[in-house]
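Engineer: next come a sequence and a model predicted from it.
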Amino acid sequence: MALLELEGVTKQFGGLTAVSNVSFAVAEGQIVGLIGPNGAGKTTLFNMINGFLKPTAGQIRFRGERIDGLKPHKVCRMGLARTFQVVKPLQRMTVLDNVLASSFLRFPARADAERNAWEVLEFTGLTPVANTVSKGLPLGLRKRLEIARALATRPALILLDEACAGLNPTELDESIRIIRKIRETGTTVLIIEHHMKVIMSISDHIVVLNYGEKIAEGSPEEVARNPAVIQAYLGGEAAHA
Amino acid sequence: MVQLEVFLQTLVSGLLLGGLYALIGLGMTLIMGVMKIINLAHGELMMVAMYIAFWLFHLLGMDPYVTLLVTVPALFVLGVFIQKTLISPVLKVDSILPENQVILTVGIGMVLQNLATLFFTSDYRSTPVDYASDAWYLSDWWRSSPIELSFSVPWVVSFGFAVAITAALWWFLQRTDAGKAIRATAQDKDAAILMGVNVERMTVVTFGLGAALVGAAGSLFIPMYYLYPALGGRFTLIAFVITILGGLGSTQGAIIGGLILGVFESMTATYVGMGWAPVGRFLVFVACLIFLPGGVAGLMRRR
Amino acid sequence: MASAAQTLGRYRTAAAVVVGLAVIPLVPGLNSSYVLHMLILMLMWSVIGMAWNLLGGYCGQVSFGHAAFFGLGAYTGGILYYHLGWSAWWGLPVGMVVVALGALGVGYICLRLRGPYFALGTLAMGEVLRVTAENLEWLTEGTRGIMLETRTWVAKEPFYYVILAIAVASFVVLEVMVRSKWGYYFVAIREDQDAAESLGIDTTLYKNIALVVSAVLTGVAGAFYTCYMGYIDPEIVFALHDVSIVAIMVVMVGGVATRWGPLVGAVIMILLSEVVRTLPYIGRAHQTLFGILLIVIIIFLPNGVVGDFRKMMRFFLGRSKPAGAGGV
Ligand SMILES: Nc1ncnc2c1ncn2[C@@H]1O[C@H](COP(=O)(O)OP(=O)(O)O)[C@@H](O)[C@H]1O
Ligand SMILES: [Mg+2]
């Protein structure tokens, strides 16, 4: 049984169908890439998986249980965490307190929560800025904080929404290393990413959305060769690759 | 028959009241739509306009409807002043609670109300126009009418002015460049900036316009209502109930919301008791929050 | 994170303040009934301020309707006294239950709203209760109000110690809550509700907790008010400006989301209103100055006297000192 299964998931906003009849599965231990042009419906799909939006139709199952329509905090409690494309740090709290706030979910006792928070900070390389108020962080570190906070809830599956967008090359390498490390520690990853080189190199499996519909799915090589994908999204860039 | 008569009379009074309410709601909703702030000094602005009209009537013998020529520009200037010197700086202040701006408008309202108390005492003041209790009757036009309805002259005239001002506003928003810029700002600030709209200027104009509208309402209310400094607070509440009822930032919604509230209050006063009218007002508000989150405007969109 | 020394220092200050307050009635010269009256009002308002601060300052849900809870507490005591002949002091325990239920009702309606709309929703609730209390004459005696025939004590000292105990208890309750996991959850909700929800925080539950605790403390202050003043009417205890807005002012003036802000704010506000009241002409319109103060604070000291203390000192002393950033 796959860790996460989507079956015929559809979301309409008034007349606009943002996500249309999308089905795919994420197997445990994989890194799955979700790609597609801007406005393809990727973030909307994340919002449905994590519970901010209720699908107009279709089912979402996590470890075999229906989670569509559950509130986000319940979904998180079940072991499914996410990050936001537009980062949402708890602005007036320090980096440590940000991570601590989400550590309490699994570690109600203060001391345990603190230990967990420091561990996650170390894991994501944020220890040096632990006591910085998060509002003052540069974008690269705020993106990293998003990941750290999600990890602090000790998820089985983490959804990363453009966690690498806007990073400089050094930060990008660091983030790729962290994402690989996340998978090594047993957390499955579903990642939205525009950076083709990144997504092709780290994904085990890729799902492609265009105008809300799934147009292709498969290994990076298969997707890169798929004519529909090349036409809709990758264009000349991938054809030459 | 008597019951029908009472019902229709109540309905008529409610609609006349609602027309004026719509004017108040329009100003509030414009400010809300463009600036995304809630102006809890709205009723107090109207109170200021009413004092202006009151004194013009008593000192210069000006008819309340003529005072519109003074109150509207005066309130526009006051609105611009408040926006420039107080609200705009606060929108730039970094604070823990973004609701700061609402609290700020509360402070402004308090100052206005209490300054009025200082200068004019808290006495109730009336503006005795000679047509205050004149009325037109249904039987004047329709001799054999089975029922009798009265139409108070000042209410009907004020209603007429309110409709005319609303129509003028409509024209302004739809047809003029400034109006279009205001609507663009309300819809999407960033897009408006890209389109070359001077957003800063538009917010100032909008606040002035909102104040001018409620100022007009002040002149229109003065022939019928007693005036006292605390009256503003009551109308601030009315304004935001209308805005919520109509759908935040929606102009059509504010008009319909004003009419609904007017009729509802008038019905509550007739059938439940005078003292309960404010409760009715808030029940509408609460029901709206629970059952109709987008207000009337949301309902219209859904169709 | 606080070091052990800081923790000790924190409670040493608190202990010193409590001891100081407890001995005041024993100090000759300070134990006049006028001074005690002022102190009682300051303590009562600091309780309301602390309560508002929990919901507004920490949890970020700005209420414009705390008069609803103050009035419910006050009227619980008043009604028990008037209709059942019980001591109005029963208003404290019974009022806690009544107010908690009322707060759940208010929460059901208002907590789905965000930001300024929550503020307006609570404002409406306060007004609904005021008008209801004015009209439900069989229960509340309407605008005539309820008067206690006799007050429990003639002297101020007992009242003073009662409200001091309430204030200390409130302080401790809030301190424990804010330093615990709940405090982190409240601030997380304030800073970003969506982020908090997605990190596994049941935002609806925790907002309700903050609201109920805040309301109950405010209700206790209201019940105390009935016993102390001996007279209540809807215009007084359900007042929008004189209760709901003053509650906000106490916290804004003292410092939002600061430990001592509510107490400092209450002291300033009571002193100020006393001074204003004695001014010959202005007194009638004491809120003019309140309004101006509110505007000035919002523009120049957005974090209040406590939160912006350094900034204020810099302004007055013309010295510059680096300001620290306040976290939780
Ligand atoms: N809450 C919403 N209401 C209406 N339309 C929305 C909403 N959220 C997203 N959309 C629309 O759905 C489409 C997909 O958006 P999104 O999921 O953000 O795309 P992506 O993340 O792939 O760039 C876009 O056309 C967007 O405008
Ligand atoms: Mg997106």
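Structural biologist: Received the coordinates, thanks. Ligands and ions are numbered 1, 2, ... in the order given.
Engineer: what parts of chain B come near chain A?
Structural biologist: Chain B has residues residue B:96 near chain A, with proximity defined as CB under 8 Å from any CB of the partner chain. To be clear about C-beta, it is placed using only N, CA and C from the backbone, and glycine gets the same treatment.
Engineer: so which strand or helix has the closest residue to ligand 2 within chain A?
Structural biologist: Chain A approaches ligand 2 most closely through residue A:43 (3.2 Å), counting by CB to the ion. Using DSSP states H and E, residue A:43 sits in helix A:42-50.
Engineer: what about that helix and ligand 1, touching?
Structural biologist: Yes: Helix A:42-50 reaches ligand 1 (CB under 6 Å from any ligand atom) through A:42, A:43, A:44.
Engineer: briefly note if stretch B:204-221 comes near chain C.
Structural biologist: No: applying CB under 8 Å from any CB, one finds stretch B:204-221 out of contact with chain C, separated by at least 15.9 Å.
Engineer: swap that for stretch A:180-197, sorry
Structural biologist: No: residues of stretch A:180-197 are not located near chain C by CB under 8 Å from any CB, the shortest gap being 14.5 Å.
Engineer: with only the CA atoms kept, save that stretch in PDB.
Structural biologist: Below are the C-alpha coordinates for stretch A:180-197, written out as PDB (Å, rounded to 0.1, in the frame of the first residue of the first chain):
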ATOM      1  CA  ARG A 180      18.300  13.800   0.500                       C
ATOM      2  CA  LYS A 181      19.100  13.500   4.200                       C
ATOM      3  CA  ILE A 182      15.400  13.800   5.100                       C
ATOM      4  CA  ARG A 183      14.700  10.700   2.900                       C
ATOM      5  CA  GLU A 184      17.600   8.900   4.500                       C
ATOM      6  CA  THR A 185      16.100   9.300   7.900                       C
ATOM      7  CA  GLY A 186      13.000   7.600   6.700                       C
ATOM      8  CA  THR A 187      10.700  10.500   5.800                       C
ATOM      9  CA  THR A 188       9.000  10.300   2.400                       C
ATOM     10  CA  VAL A 189       9.200  13.600   0.400                       C
ATOM     11  CA  LEU A 190       6.700  15.100  -2.100                       C
ATOM     12  CA  ILE A 191       8.300  18.100  -3.600                       C
ATOM     13  CA  ILE A 192       7.200  20.900  -5.900                       C
ATOM     14  CA  GLU A 193      10.100  22.400  -7.700                       C
ATOM     15  CA  HIS A 194      10.800  24.500 -10.800                       C
ATOM     16  CA  HIS A 195      14.500  24.000 -11.000                       C
ATOM     17  CA  MET A 196      14.800  21.200 -13.600                       C
ATOM     18  CA  LYS A 197      18.200  20.100 -12.700                       C
END
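Engineer: any buried residues in it, and which?
Structural biologist: A:182, A:183, A:187, A:188, A:189, A:190, A:191, A:192, A:193, A:196 (16 or more other CB atoms under 10 Å in any protein chain shown).
Engineer: with stretch B:193-207 instead?
Structural biologist: For stretch B:193-207, by 16+ other CB under 10 Å, it's B:197, B:199, B:202, B:203, B:204, B:205, B:206, B:207.
Engineer: need the distance between the two termini of that stretch.
Structural biologist: For stretch B:193-207, the first-to-last residue distance is 18 Å (CA to CA, to the nearest Å).
Engineer: what is the rounded mean pLDDT of it?
Structural biologist: Averaged across stretch B:193-207, pLDDT comes to 88.
Engineer: how far away from the center of its chain is it?
Structural biologist: Chain-centre distance of stretch B:193-207: 23 Å, with CA atoms, centre = their mean, to the nearest Å.
Engineer: other residues contacting it?
Structural biologist: Applying CB atoms under 8 Å, 6 or more residues apart in numbering or on different chains, the contact partners of stretch B:193-207 are B:30-31, B:34-35, B:39, B:79-80, B:82-84, B:87-88, B:178, B:181-182, B:184-185, B:189, B:192.
Engineer: what bridges to residue A:65?
Structural biologist: residue A:62 (DSSP bridges).
Engineer: if I look at it, how far off is residue A:190?
Structural biologist: 17 Å (CB to CB, to the nearest Å).
Engineer: and chain A, which residues reach ligand 1?
Structural biologist: Remark: the part of chain A in contact with ligand 1 comprises A:13, A:16, A:18, A:36, A:38, A:39, A:40, A:41, A:42, A:43, A:44, using CB under 6 Å from any ligand atom.
Engineer: who's in contact with the residue lying closest to residue C:264 once chain neighbours are set aside?
Structural biologist: Leaving aside its sequence neighbours, residue C:264 sits nearest to residue C:254 (CB to CB, 6 or more residues apart in numbering or on different chains; 4.2 Å). Residue C:254 makes contacts with C:49, C:260, C:261, C:262, C:263, C:264, C:265, C:266, C:268, C:304, C:305, C:306, as judged by CB under 8 Å, 6+ apart.
Engineer: can you rerun that using 7 Å?
Structural biologist: C:49, C:261, C:262, C:263, C:264, C:265, C:304, C:305, C:306 (CB atoms under 7 Å, 6 or more residues apart in numbering or on different chains).
Engineer: next one: residue B:67
Structural biologist: Each residue near residue B:67 by CB under 7 Å, 6+ apart is listed here: B:52, B:53, B:56, B:57, B:219.
Engineer: pLDDT below threshold where in the stretch 151-300 of chain C?
Structural biologist: Applying pLDDT under 70 to the stretch 151-300 of chain C picks out residues C:281-285.
Engineer: ok, 80 please
Structural biologist: Applying pLDDT under 80 to the stretch 151-300 of chain C flags the ranges C:277, C:279-287.
Engineer: next: the stretch 201-303 of chain B.
Structural biologist: Looking at the stretch 201-303 of chain B by pLDDT under 80, you get B:247-249, B:273-280, B:282-283, B:286, B:289-303.
Engineer: longest single helix anywhere in chain C?
Structural biologist: Secondary structure of chain C per DSSP state H: the longest helix is helix C:203-229.
Engineer: now chain A
Structural biologist: helix A:169-184.
Engineer: ok, now how distant is the residue in the stretch 1-150 of chain B positioned nearest to ligand 1 from residue B:236?
Structural biologist: Per CB to the nearest ligand atom, residue B:36 is where the stretch 1-150 of chain B lies closest to ligand 1, at 17.5 Å. Distance, residue B:36 to residue B:236, by CB to CB: 18 Å.
Engineer: residue C:123 too?
Structural biologist: 10 Å.
Engineer: quick one on the thing from earlier: what about the residues of helix A:42-50 next to ligand 1, which one has the most neighbours?
Structural biologist: Among those, residue A:42 has the most neighbours (other CB atoms under 10 Å in any protein chain shown), with 24 neighbours.
Engineer: these two touch, right, that one and residue A:209?
Structural biologist: Yes: with contact defined as CB atoms under 7 Å, residue A:42 counts as touching residue A:209 (5.9 Å).
Engineer: between the two, which contacts overlap?
Structural biologist: In contact with both residue A:42 and residue A:209: A:34, A:36, using CB under 7 Å, 6+ apart.
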